[in-house]
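Student: fold the following for me, if possible:
(2 chains)
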2 protein chains.
Amino acid sequence: MERCDALAALTETPGMVTRTYLTPQHAAANRLVGSWMQEAGMSVSVDAAGSVIGRYAGRRPDAPSVIVGSHLDSVRNAGRYDGILGVLLGIQAVSDLHAAGRRLPFAIEVVGFGEEEGVRFGTSLIGSHALAGSFDPAWLDIRDEAGLSLAEAMRGFGLDPRTIGQAAHQGGVLAYLEPHIEQGPVLESLGLPVGVVTAICGATRKRFRVEGVAGHAGTVPMGQRRDALAAAAEMVLAIERIALETGVVGTVGRLGVQPDAVNVIPGAAVFTLDLRAEQDAARLAALAAVDRAVAQIAERRGLSWHGETFHQSPSVHCAPHLRSVIAEAIAACGLPVHALASGAGHDAMAIASLAPVAMLFIRCTGGISHNPAEAVLPEDVAVAARVLSGLLERLAAITDFAV
Amino acid sequence: MERCDALAALTETPGMVTRTYLTPQHAAANRLVGSWMQEAGMSVSVDAAGSVIGRYAGRRPDAPSVIVGSHLDSVRNAGRYDGILGVLLGIQAVSDLHAAGRRLPFAIEVVGFGEEEGVRFGTSLIGSHALAGSFDPAWLDIRDEAGLSLAEAMRGFGLDPRTIGQAAHQGGVLAYLEPHIEQGPVLESLGLPVGVVTAICGATRKRFRVEGVAGHAGTVPMGQRRDALAAAAEMVLAIERIALETGVVGTVGRLGVQPDAVNVIPGAAVFTLDLRAEQDAARLAALAAVDRAVAQIAERRGLSWHGETFHQSPSVHCAPHLRSVIAEAIAACGLPVHALASGAGHDAMAIASLAPVAMLFIRCTGGISHNPAEAVLPEDVAVAARVLSGLLERLAAITDFAV
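Tutor: Now for the predicted structure:
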């Protein structure tokens, strides 16, 4: 908890926590986290994408690795735990092994990624894509709000963008484990400190525009209107109903009307849909149901509509054998095992192309995240540390058996 | 129609029609309209509020007056007929009497008001309130967007704001008659060139704020949400249903959500209600029904809400005897008589405290107004001119009988 507070002090904006990718604060966080890694007996490096990596060797020099990681960058005006808690739990697990003078049949690499949030360059998971070998060189030309390209920012950070390919992980990776705060209210509502993640939900984001006819709020009789907002209101409620009925999660986060005047019937309405589900088939079926409902409402009201999908990502399922091991480690703490999907994206999504991935969720107060009010209970963090150590021990036992 | 085009050329913004109160273009419009009034045999003056007034004396110098009028100011990027058509029809009616060398038992005053729209100073009906003697001296301190007060603008126009009280009409006024384009689709949908107005609707404008809980669009399960937009969507549809069921006109013209991000459940929604009805009791009953519906929806969804009424105006009913005379004049043209309420506000609202008022509506294409596409058929304008002349003749006959 003290280390979370120390990292929170490394901020671009006094009075709040903001630490974006490749800033001096990011470099300072890497140095501080690197010093903790060294204390824990790890050799420390920063890869070509700016991720800090601590390595605790296994029993044999050619042993494969288990990676424990998450991110060190934050959103603007962030909390203290999103991302960094996963990195710090990894360091703590290694520190315990180091203190006991123990080595496992695999190396443990603890990674603190950058630009998971995508705040600076609008592209998320940059550090984890680089480690997975799926960094897209076109990203080097993306510019931040100040007009600086990613390549230029890398050079300013002491990196050579021409060597970005060298960030790709070499050697076998048995598993990627990411402890993370839940960022939602499920564990709290169940009274549980931790939970095992089944999958990171796939997502569709779509923009809808509904066109009616603007008119004078006083002179157009109700029966002669083509009110774009009334139609959009029906569509918002249809999305809510479809989500509830099909078990997906659907959100209309933005809605605007035109011309947006108190005495003018809205002639157009624009709104966004964010649809997420553990099963891609369920998400795509719900999306089709939304499109049908929008079309029916528009037709009944005599309006036209247009929809444009601007983001699609498939779901990433956590490896069943890793889920089982996490469940055993939770049960060994005397706790009920609750499995839940992650509605938010995580570095594990990018690493899934490199290795089997799994996530451990930690309860956060009120489900609040991306907010200064983000909070965790110290006793929940202690439980998560025990689960992670137990999990590594169990993986060691399996690996010993397999080897 | 040619005069409408000539007035449209007096604009502040080349390429569109914009003529706001006390501008050089307003002065030019007063001069042009004044010249037409003189041609029609009227003596012309500009009153202390900048309204141009043409007077065609009655048979006796002490005869009371009938006022025919509307406004010469426009909204920004306006059409060519809103307001000015009523003034020009008044001049035409007098011109016909003058050409025939006839006087009626009442004087006819044709008035072209300023700042009916309230575009420049945010307060509508300034010219008509001044004529009615209900000009509020506090308005003199209102400033336009450039920071000029109404008093300063009056002085720049050659008026003395200290004499504004002298604009109040002296002498008896038998009737105020306002021909005006409908600005709605009713007459067009019935295939009628003109209609007689029953009343100018009363209006309530209210702002609602609904407070829920913002949250991550991916991590908060559907069943644990307090989505302010979903609640507001239900409220928008409740307003539409209440309006349809109770025969009032209800519009949600503005709606905004906070924080308005694609991946955040809306924590708050703000929307406006514009409610209009011919009968004040019906409007107030519908308003109470809206409040009940909003309260029920908010309670069921666990949200808080707040409503703030920021405008209330009672309905103004047209004088029954004038409505009858207009109906006779329409029927005398061989046309069906259709009576309809005005959902929009007009100078007649302010003049109602001075004299009995009545309005004649003229069909406009597509119900479109406050828009460059505003259009009327020349043959409809000819019908309106005949109805206005017939109406004045009938009033003359009644007045003769009464005198």
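Student: residues contacting the residue in the stretch 1-150 of chain A positioned nearest to chain B?
Tutor: Nearest to chain B, among the residues of the stretch 1-150 of chain A, is A:Asp82, at 10.8 Å (C-beta to the nearest C-beta). Backbone N, C-alpha and C define where each C-beta goes, glycine included. Neighbour list for A:Asp82: A:74-75, A:180-181, A:183, A:369-370, A:374 [criterion: C-beta atoms under 8 Å, 6 or more residues apart in numbering or on different chains].
Student: so which of those residues also contact chain B?
Tutor: A:183, A:369-370 (C-beta under 8 Å from any C-beta of the partner chain).
Student: adding neighbour count and pLDDT, write those residues out as TSV.
Tutor: Listed next are these as TSV, based on neighbours: other C-beta atoms under 10 Å in any protein chain shown; pLDDT from 0 to 100:
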residue	neighbour count	pLDDT
A:Gln183	26	96
A:Ser369	24	91
A:His370	21	89
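Student: looking at these, spot the one nearest chain B.
Tutor: Among those, and counting by C-beta to the nearest C-beta, the member closest to chain B is A:Gln183, at 4.8 Å.
Student: hang on, isn't the closest one packed against A:Gly366?
Tutor: No: contact between A:Gln183 and A:Gly366 fails when scored by C-beta atoms under 8 Å: they sit 10.8 Å apart.
Student: in chain A, what spans have low per-residue confidence?
Tutor: A:401-403 (pLDDT under 70).
Student: swap in 80 and give it another go.
Tutor: Scanning chain A with the threshold set as pLDDT under 80 gives A:400-403.
Student: stretch A:109-118: end-to-end distance?
Tutor: By C-alpha to C-alpha, to the nearest Å, the extent of stretch A:109-118 from end to end equals 23 Å.
Student: just confirm yes or no for it near chain B.
Tutor: No: for stretch A:109-118, no contact with chain B is found by C-beta under 8 Å from any C-beta; the gap never falls below 11.3 Å.
Student: what residues sit buried inside that stretch?
Tutor: Within stretch A:109-118, the residues that count as buried by 16 or more other C-beta atoms under 10 Å in any protein chain shown are A:109-118.
Student: just stretch A:294-306 next, same as before
Tutor: For stretch A:294-306, by 16+ other C-beta under 10 Å, it's A:294, A:297-298, A:301, A:303, A:305.
Student: what does stretch A:47-64 give?
Tutor: A:47-58, A:63-64.
Student: just those: which are in helices?
Tutor: Among the buried residues of stretch A:47-64, DSSP state H puts none in helices.
Student: these into a markdown table, with extra columns for distance to A:Ala397?
Tutor: Shown next, in a markdown table, are these (distance: C-beta to C-beta, whole Å):
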| residue | distance to A:Ala397 |
| --- | --- |
| A:Asp47 | 30 |
| A:Ala48 | 35 |
| A:Ala49 | 33 |
| A:Gly50 | 35 |
| A:Ser51 | 29 |
| A:Val52 | 29 |
| A:Ile53 | 25 |
| A:Gly54 | 23 |
| A:Arg55 | 22 |
| A:Tyr56 | 18 |
| A:Ala57 | 19 |
| A:Gly58 | 14 |
| A:Ala63 | 15 |
| A:Pro64 | 15 |
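Student: what about chain B: which of those residues touch it?
Tutor: Among the buried residues of stretch A:47-64, chain B is touched by none when using C-beta under 8 Å from any C-beta.
Student: if we can go back for a sec, looking at the buried residues of stretch A:109-118, which are in helices?
Tutor: Per DSSP H, the buried residues of stretch A:109-118 never map to helices.
Student: how near is the most far-flung residue of chain A relative to its centre to B:Arg276?
Tutor: The centre of chain A is farthest from one residue, A:Thr219, which by C-alpha atoms, centre = their mean lies 50.1 Å away. Distance from A:Thr219 to B:Arg276, counting by C-beta to C-beta, to the nearest Å: 9 Å.
Student: overlap in contacts, the two.
Tutor: Shared contacts of A:Thr219 and B:Arg276, defined by C-beta under 8 Å, 6+ apart, comprise B:Gly343.
Student: leaving out chain neighbours, which residue sits closest to A:Gly218?
Tutor: B:Gly343 (2.8 Å; C-beta to C-beta, 6 or more residues apart in numbering or on different chains).
Student: ignore what I typed, I meant A:Thr163.
Tutor: A:Ala48 (4.8 Å).
Student: then A:Ile351?
Tutor: A:Tyr176 (4.4 Å).
Student: tally of neighbours for that neighbour?
Tutor: Neighbour count for A:Tyr176, taken as other C-beta atoms under 10 Å in any protein chain shown: 30.
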